[in-house]
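Student: with the sequence up front, the predicted model follows.
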Amino acid sequence: MDTINKKMKTKGKPDARKKGRAKKAAYAVKGRLWIEGKSGTFIGFGRVVLLERIKRYGSITNAAKSMKISYRHAWELVDSMNSQSKTPLVKTATGGKSGGGAKLTETGHAAIVEFWTLYKKLARFLERENANLKF
């Protein structure tokens, strides 16, 4: 009997689980950002994260591990960015007694800042366009 009473009490009332949720739009404007060079992608989201990790760890190997990508792939990305840039984004030192490592150049630091600035502008643009969808 209690089950029937509970059902009757809630009949016609809005579902509590839905309360406070905004209605999801049927469509959404999406976008991705990357900067193309003559040889293809110069910099994009993943490459910027790699640069940030190199800055943090001082090593391509450790940066790659933290992103769960192979050293080879990370090295290819760094090499691609360096070869497409007027000045390298990452400087490397080979291993040995004192150890190797990698560090960002001023150009590398500037690339990170510029990318995130553009990324935020894109995000604001997408928000505005989504708010203005007419259908």
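Tutor: Noted; the coordinates are in hand.

Student: for the rest of this, base every contact and every neighbour count on C-alpha atoms.
Tutor: OK.

Student: distance check, the residue nearest to the spatial centre of the chain against Gly100.
Tutor: Residue closest to the average C-alpha location in the chain (CA atoms, centre = their mean): Phe45, at 4.4 Å. Phe45 sits 26 Å away from Gly100, taking CA to CA, to the nearest Å as the criterion.

Student: what does Phe42 give?
Tutor: Distance from Phe42 to Gly100, by CA to CA: 25 Å.

Student: Glu127 belongs to a helix?
Tutor: Yes. Per DSSP: H, G, I helix; E, B strand; the rest coil, Glu127 lies within a helix segment.

Student: 449 is where my numbering starts, stick with that
Tutor: Understood, numbering begins at 449; the last thing we discussed is Glu575.

Student: count the neighbours of it for me.
Tutor: Each residue near Glu575 was counted by other CA atoms under 10 Å, and the total is 14.

Student: and if you look at Leu499?
Tutor: 26.

Student: and it, what is it in contact with?
Tutor: Shown in contact with Leu499 (CA atoms under 8 Å, 6 or more residues apart in numbering): 538, 552, 556, 560.

Student: ok, now Lys503?
Tutor: Lys503 touches 550-552, counting by CA under 8 Å, 6+ apart.

Student: which non-adjacent residue is nearest Ile502?
Tutor: Ala511 (5.3 Å; CA to CA, 6 or more residues apart in numbering).

Student: looks to me like the one you found is in a helix.
Tutor: Yes. Counting by three-state DSSP, Ala511 falls inside a helix.

Student: nothing else from me, thank you.
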